[in-house]
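Chemist: Sequence and predicted model, in that order:
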Amino acid sequence: MDSYDYTSYRFLKQCLSVEVIKSNDKKFSWRRAMLRSYKCHDRRFIFWWRIASFLHHKTHSKLANYINRKISLKYGAEINLNAKIKPGISFAHLSGVIITGLATIGENCHIRQNTTIGVGGSRYSEIKDKRFIIIGDNVEIGAHSCIIGNTLTIGNNVIIGAMSFINKDIPDNCTCYTKKENILIINNA
Ligand SMILES: CC(=O)SCCNC(=O)CCNC(=O)[C@H](O)C(C)(C)COP(=O)(O)OP(=O)(O)OC[C@H]1O[C@@H](n2cnc3c(N)ncnc32)[C@H](O)[C@@H]1OP(=O)(O)O
């Protein structure tokens, strides 16, 4: 059950406090959020994405899409404005992170570079309308991972190893990764 109101100004301030100012002790101020965001480019992306997401949920879609397009091009990361991201998201390296609008991401998730969270793509409308990807709280996603599915749930406190392909539900409290067969074939000409 999602207890957050994505349209509320309070939610926006809560997210910026945790993700950009990175302190619950200090009182929220726009000046502080802007200063912090200009020191670090990952935080700068989150700062603008949160504002775009707030505007989008407030139905100021034109401005929201404009901001999101600008930051997607500038930072090389694309998070659809329909994605529901709970407070505490962080990125180790931002480039190549792509997240579908059908995703719900829990609190305090950490995502590394070149991660895709997306739906499988379905021609069938009965599936198409019911697709979702739910990621729990405190999930850590390793670099170059793909989380792809039509109805996929990842539990709380999960660590996903680097270069994983996840297309099945993952329970709470575990580490998972895709087994790799490192077979190098060298053919002489
Ligand atoms: C610039 C930067 O630094 S960006 C940071 C990039 N870093 C990441 O993305 C970190 C993601 N973390 C990982 O992938 C980690 O390996 C974890 C969390 C999945 C597992 O870590 P640990 O529990 O310490 O496992 P450990 O390293 O001891 O490996 C255990 C076994 O799993 C295998 N394994 C570990 N990670 C993976 C993986 N991502 N894919 C396939 N196999 C893996 C190991 O080869 C080893 O197998 P073996 O016993 O047959 O040799």
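Modeler: Structure received.
Chemist: Stretch 14-24: end-to-end distance?
Modeler: Separation of the first and last residues of stretch 14-24 by Cα to Cα, to the nearest Å is 9 Å.
Chemist: With stretch 175-184 instead?
Modeler: End-to-end distance of stretch 175-184: 27 Å, with Cα to Cα as the criterion.
Chemist: What of stretch 90-106?
Modeler: With Cα to Cα as the measure, stretch 90-106 spans 12 Å from end to end.
Chemist: Centre of the chain to stretch 88-106, how far?
Modeler: Mean-position distance between stretch 88-106 and its chain equals 2 Å (Cα atoms, centre = their mean, to the nearest Å).
Chemist: W30 and the ligand, how far apart?
Modeler: For W30, the distance to the ligand equals 31 Å [Cβ to the nearest ligand atom, to the nearest Å]. Using the backbone N, CA and C atoms, a C-beta is placed for each residue, glycine as well.
Chemist: for that residue, phi and psi?
Modeler: Backbone dihedrals for W30, given as degrees, to the nearest 10, come out at phi -60, psi -40.
Chemist: With C146 instead?
Modeler: Per-residue torsions, C146: phi -120, psi 120 (degrees, to the nearest 10).
Chemist: How about the contacts made by it?
Modeler: Contacts here follow Cβ atoms under 8 Å, 6 or more residues apart in numbering; on that basis C146 touches T115, T116, G118, S164, F165, I166.
Chemist: Is the last one in contact with C176, as I believe?
Modeler: Yes: contact status for I166 versus C176: in contact at 7.1 Å, counting by Cβ atoms under 8 Å.
Chemist: Now the element after the helix-or-strand element of the chain with minimal mean pLDDT, going C-ward?
Modeler: Lowest mean confidence among the helices and strands of the chain (mean pLDDT, DSSP states H and E): helix 125-128, at a mean of 65. In the C-terminal direction, the helix or strand that comes right after helix 125-128 (DSSP states H and E) is strand 132-135.
Chemist: Let me know the next secondary structure element after that next one.
Modeler: For strand 132-135, the succeeding helix or strand toward the C-terminus, using DSSP H and E, is strand 140-141.
Chemist: Sheet partners, orientation included, of that following strand?
Modeler: Sheet pairing of strand 140-141 (DSSP bridges) gives strand 110-111 (parallel), strand 158-160 (parallel).
Chemist: Spell out which parts of the chain neighbour the ligand.
Modeler: For the chain, the residues in contact with the ligand (Cβ under 6 Å from any ligand atom) are A92, R112, G142, A143, I159, G161, A162, M163, T175, Y177, K180.
Chemist: which ones among the residues you listed are found in helices?
Modeler: The helices, defined by DSSP state H, take in nothing from these.
Chemist: could you flag which of those are buried?
Modeler: Using 16 or more other Cβ atoms under 10 Å as the burial test, the residues of the chain next to the ligand include R112, G142, A143, I159, G161, A162 as buried.
Chemist: Right, I'll leave it there.
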